[in-house]
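Would you be able to build a 3D model of this:
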Amino acid sequence: MAAMSDPPEESISTFCDIAGVLRSEAITRLRANNNNLQQAMEEYFEDPSGQKYKWDESQFGMGRQGEANDTGISFNIQGPDELAPSSYQNTAAPTRPPSRANNTSPFGAPTNAAEEDANLERALAESAAESGIPRQEAGVVDNGTNLKYFGPANRSQYDTEQWAMVPTKANLDTEKAEPAPSQRKRQPDAPAFLRQTKDHRLGLMLTIYHQIPLVRNILLQYGEPAKNYGHNSEWWRGQPILKHENLAAMVKGESEWGSNETRPEFAEELHRLIAFLDKTERAYGSVDPLVDTKEIDGSWTSDVEERLSNVLKEAPQNPRFDMKDMITRGVVLPCVPPPADDSELEGDGDSYGDGFQDFAFLDIALDSEQSSCVDTLYDALDQLLWTQALSLEHEFPEGASYAVLSKLGEVLTARFSNAGLSKPCEIPEVLYLDRYTEERRDLAMKFQTHMRYAKNKLRMYELLEADLLRCHGQRCHRVNGLDDGPHDLRACLEGIIKFTERLMQRQIRTAQWRHYQNMIEKDVELSLEDIFSIYTWSGPYVFLPDEEERMKGWKDAIDEANKNLEELEEDLAKIAKAKEFYSDSLKVISKRLTCQEHEVADATFVFRSTSAYNPEYWNPTYKYFLRGVALTSELAYVCVRQDVESADPDVQPKPKDQWWKIGYSSTDGTPIKTEKAILEDVLHAAGTGSRQPVLMYATEAAVATTPIPLSDALRMFVRADNRSFQHELAKEQDQAPLAEEPPTSGFSAADLSRIAGASTSKRKYSIGSSVATRGSSRADISETENFQWENKSEAEYGNEDDKLGSQAMEPTTKSPEMQEVGGAAPFLTRPNYTAPGGSVEMEDIDMEVDHHEG
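Numbering: from 1, shown residues only. Sure thing, here's the model as predicted:
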């Protein structure tokens, strides 16, 4: 039976080196031979060219009967068959696309299965033509221009009259429907968030960044602001908003879907997301359009979480954009202390030349050995920044180096990766980075020296413990039941004691049986008590002289083994106590420069009344607060700063922070997660909820930064999206009574209220209400029917800023907010209108000349 487990890496490498085969083939061969390397090699050399473990593509180029395909066409995606008219005389074969069967028999009869299939299809086509059955349409049908466009089917609904394919039930079940609009409404004071459909946390990270005003401002200032950010009523679900010229090129066939020209603009999409989180009435949106940009998705790396910070760092020169407050600079220094008069290390970090690295995203990549040493976030940073200094494999200090932070940013984003966290980790609410700064490098060197000394002691005691527990007896395995060779001394001694006790018990039973056997030989009748004693081995016995000698030797052996066990346990207890002392010493050293002096126990860490006290070890100053934790693609925690009004105008109100648990899980009955949380739960989840959490810290200055206002174009974009959402809510509300009440005969008051002539409401039209943008106004590239925007009352919008001058208009057609026709994307045209009366807000005016210029 073949082994199901993976073969050892050594066997795979050896097989590949000797046989020169691919890794996948080597694994398959080893599995088939029970991971036996020698057996797999023998099988390979018996038939090196065998196809048993190889994938043969040539079979897909042959006909059904195994014959060669001379035309070179294995598969052919063809259009509709061109059928003959009903009066067609069968004098020649009808026109068909190339077929795999090109060897037509001169006798008229089919020679293989391919010809049989071709003849059958031809007969069916002729029969359908004679009976008047129309041809089947293929693809998306546009009755106006018969335009065919093949692209990703990413819309939730399609007009059944424009689509000739019937979706299967399996495909429908795999796509989870979005919650109803009323369930997607943003709750008061709750933060909106961004979800993602792929396995990353970029949307949740941007949600947390948005709650740090300094970062929010930086993201809004990236790139050039657009005059128009477009509109798409399905943008919140992940559909992109493209430029006019890109849409026109797609319609004309000059560009294909998926090319860089058909991707959203990174800067504009970033601005949309920040504005969406600012002003949206929806509970959540999607970050997928940002991931689809060429800056993120077009990169060689699949790590979109780190890629975002790299894109921001690589931004072109722009006086408006400066992300220096998000950048931290690290420098690698040798562990050998520099000379006292060496001034090369002084300065702001630029004096290091090229020996530094700037980062906005700190990837804490830990291997399994390092992960086992991590109990706190500071332990992880020690393992990352002081890797060589703390590694006992490197010579210290001459052969080791360590990293210092020469410049600290206002924000720190850190992620565990590789092995990640292998056990619960203590995540602090307040993070101090003084321990790793350049001005504290002397203390860092002292910490590293003390930690190496403690780790050396721990290793020495671990080796001593292992040596004490190792038994090198050559023959003891015969009596202790263990394998031959070195083994555990404790188990060996315990096995010897049990084996000797069994020998003594056997000797006692032999003497007992001899007693009753003598009674039987002397014809002494055994009583019931004697029989019971024989059954329970509790009768009297007398040892012979040689048996007495053996019993004494076995008892001495047991006493000796027990004595050795006691001595072993005493030695192990001393080693355990010494290991505990040095482990506690490591904890004390790891605590220094990580908290204020009064926050820890004096007797355990500070030692104020002893010579070990050093005030430099405490009271750090570079203080960062935890602002968010992204655990998985479905769950995160974010801290929202709330302004508290003070009753006394002379007293500055103290801001209040509220933690929120946010996320979206399509598998849950209530997929939207937006609920308040407490700090204790957040810290516990951060240290135990994921092996690779993303932690986001910021200074008080970053959180207290005044947010810059949104541009008029961004405010108009969000307002348009909110109007789309209001339309969804109204549509849901209109459909709810119809779904609950059964149809009745006659007319009702509700029926009369829906008659246009009986309605007293009027429709208004303004330039701003059209939201004519790149995503919604495309009259210059497509001929479609004109429509009017549906009027909504100001009370429905609930925003006094939305009041516009209006003029009553009689609608010619009732159209939704976005009209969809066949093709790649929804196309809209501007309606004909007359100038509205009254005052109009300038931010709502969308002039024709304000189109995108990029």
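
CA only for contacts and neighbour counts going forward, please
Will do.

show me what contacts Lys185?
Contacts for Lys185 (CA atoms under 8 Å, 6 or more residues apart in numbering) come out as 281-283.

At which residues are the helices of the stretch 301-450 of the chain located?
Using DSSP state H, counting those that start in this stretch, the helices of the stretch 301-450 of the chain run over residues 304-313, 368-372, 377-385, 387-390, 441-468.

What helices and strands are in contact with the helix or strand containing Gly628?
For Gly628, the element it lies in under DSSP states H and E is strand 623-632. Counting contacts by 3 or more CA pairs under 8 Å, 6 or more residues apart in numbering; DSSP states H and E, strand 623-632 packs against helix 202-210, strand 430-432, strand 635-642, helix 679-688, strand 694-698.

Just give the strands next to that strand in its sheet, each with its orientation.
strand 430-432 (antiparallel), strand 635-642 (antiparallel), strand 694-698 (antiparallel) (DSSP bridges).

For that strand, list the C-alpha coordinates in PDB.
Included here for strand 623-632 are C-alpha records, laid out as PDB according to Å, rounded to 0.1, in the frame of the first residue of the first chain:
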ATOM      1  CA  LYS A 623       5.100  56.100  23.000                       C
ATOM      2  CA  TYR A 624       2.700  54.400  20.500                       C
ATOM      3  CA  PHE A 625      -0.900  53.500  21.100                       C
ATOM      4  CA  LEU A 626      -2.600  50.400  19.600                       C
ATOM      5  CA  ARG A 627      -5.200  51.700  17.000                       C
ATOM      6  CA  GLY A 628      -6.200  48.500  15.300                       C
ATOM      7  CA  VAL A 629      -5.600  44.800  14.800                       C
ATOM      8  CA  ALA A 630      -6.400  42.900  11.600                       C
ATOM      9  CA  LEU A 631      -6.600  39.200  12.400                       C
ATOM     10  CA  THR A 632      -8.100  37.500   9.300                       C
END
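
Kindly present the helices and strands packed on strand 623-632 as TSV, with separate columns for mean neighbour count and mean pLDDT.
Formatted as TSV, the helices and strands packed on strand 623-632 follow (neighbours: other CA atoms under 10 Å; pLDDT from 0 to 100):
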stretch	mean neighbour count	mean pLDDT
helix 202-210	26	97
strand 430-432	19	97
strand 635-642	22	96
helix 679-688	18	97
strand 694-698	24	98
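
could you dump the ones you listed to TSV with distance to Gln517?
Putting the helices and strands packed on strand 623-632 into TSV (distance: least, CA to CA, whole Å) gives the following:
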stretch	distance to Gln517
helix 202-210	86
strand 430-432	83
strand 635-642	79
helix 679-688	69
strand 694-698	80
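
Report the contact partners of Glu525.
Contact analysis of Glu525 by CA under 8 Å, 6+ apart lists Met519.

can you tell which of the helices of the stretch 301-450 of the chain is closest to Glu25?
Minimum separation from Glu25 across the helices of the stretch 301-450 of the chain (CA to CA) falls at helix 368-372, 28.7 Å.

Other residues contacting that closest one?
By CA under 8 Å, 6+ apart, the residues outside helix 368-372 that reach it are 380, 383, 419-423.

tell me the mean pLDDT over that helix?
For helix 368-372, the mean pLDDT works out to 92.

just to revisit the earlier point, could you say which one of the helices and strands packed on strand 623-632 comes nearest to Gln317?
In terms of CA to CA, the element of the helices and strands packed on strand 623-632 nearest to Gln317 is helix 202-210, at 22.5 Å.

packing partners for whichever helix or strand comes after that closest one?
Next helix or strand after helix 202-210 toward the C-terminus (DSSP H and E): helix 213-220. If you count contacts as 3+ CA pairs under 8 Å, 6+ apart, helix 213-220 packs onto helix 202-210, helix 266-279, helix 700-703.

and Glu700, what is it in contact with?
Applying CA under 8 Å, 6+ apart, one finds that Glu700 lies in contact with 624-625.

Give me whichever of the helices of the stretch 301-450 of the chain is most buried.
helix 387-390 (a mean of 22; mean count of other CA atoms under 10 Å).

Averaged pLDDT, that helix. What do you get?
On average, the pLDDT along helix 387-390 is 93.

Other residues contacting the helix or strand in which Glu10 is found?
Per DSSP H and E, Glu10 falls inside helix 9-19. Residues external to helix 9-19 that are found in contact with it (CA under 8 Å, 6+ apart): 21-23, 26-27, 30, 37, 41, 44.

Please spell out which residues along that helix are buried.
Residues 11-12, 15-16 are the ones in helix 9-19 that count as buried (16 or more other CA atoms under 10 Å).

right, and out of these, which lies closest to Leu710?
For those, the nearest to Leu710 is Ile12 (58.3 Å; CA to CA).

Would you quantify the distance from the closest one to Lys676?
Distance, Ile12 to Lys676, by CA to CA, to the nearest Å: 51 Å.

got it, and Ile208?
15 Å.

Check Tyr535 too.
Using CA to CA, we find Tyr535 at a distance of 72 Å from Lys676.

give the contact list for Ser5.
Each residue near Ser5 by CA under 8 Å, 6+ apart is listed here: Arg31.

Assumed it was part of a strand.
No. Under DSSP: H, G, I helix; E, B strand; the rest coil, Ser5 falls outside any strand and is assigned coil.

separation between it and Asn33?
Ser5 sits 12 Å away from Asn33, going by CA to CA.

do Pro428 as well
According to CA to CA, Pro428 and Asn33 sit 51 Å apart.

same check, this time on Glu570
49 Å.

more crowded one of these two?
More crowded of Glu570 and Asn33, by other CA atoms under 10 Å: Asn33, with 18 against 12.

Run through the stretch 551-700 of the chain and note the low-pLDDT ranges.
Residue ranges of the stretch 551-700 of the chain with pLDDT under 70: 644-648, 650.

So for stretch 725-737, what gets flagged as buried?
725-729.

again with stretch 661-670
Under 16+ other CA under 10 Å, the buried positions of stretch 661-670 are 661-664.

Serialize the residues you listed to TSV and add fields for distance to Ile558 and secondary structure.
Below are those laid out as TSV (distance: CA to CA, whole Å; DSSP: H, G, I helix; E, B strand; the rest coil):
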residue	distance to Ile558	secondary structure
Lys661	63	strand
Ile662	65	strand
Gly663	64	strand
Tyr664	66	strand
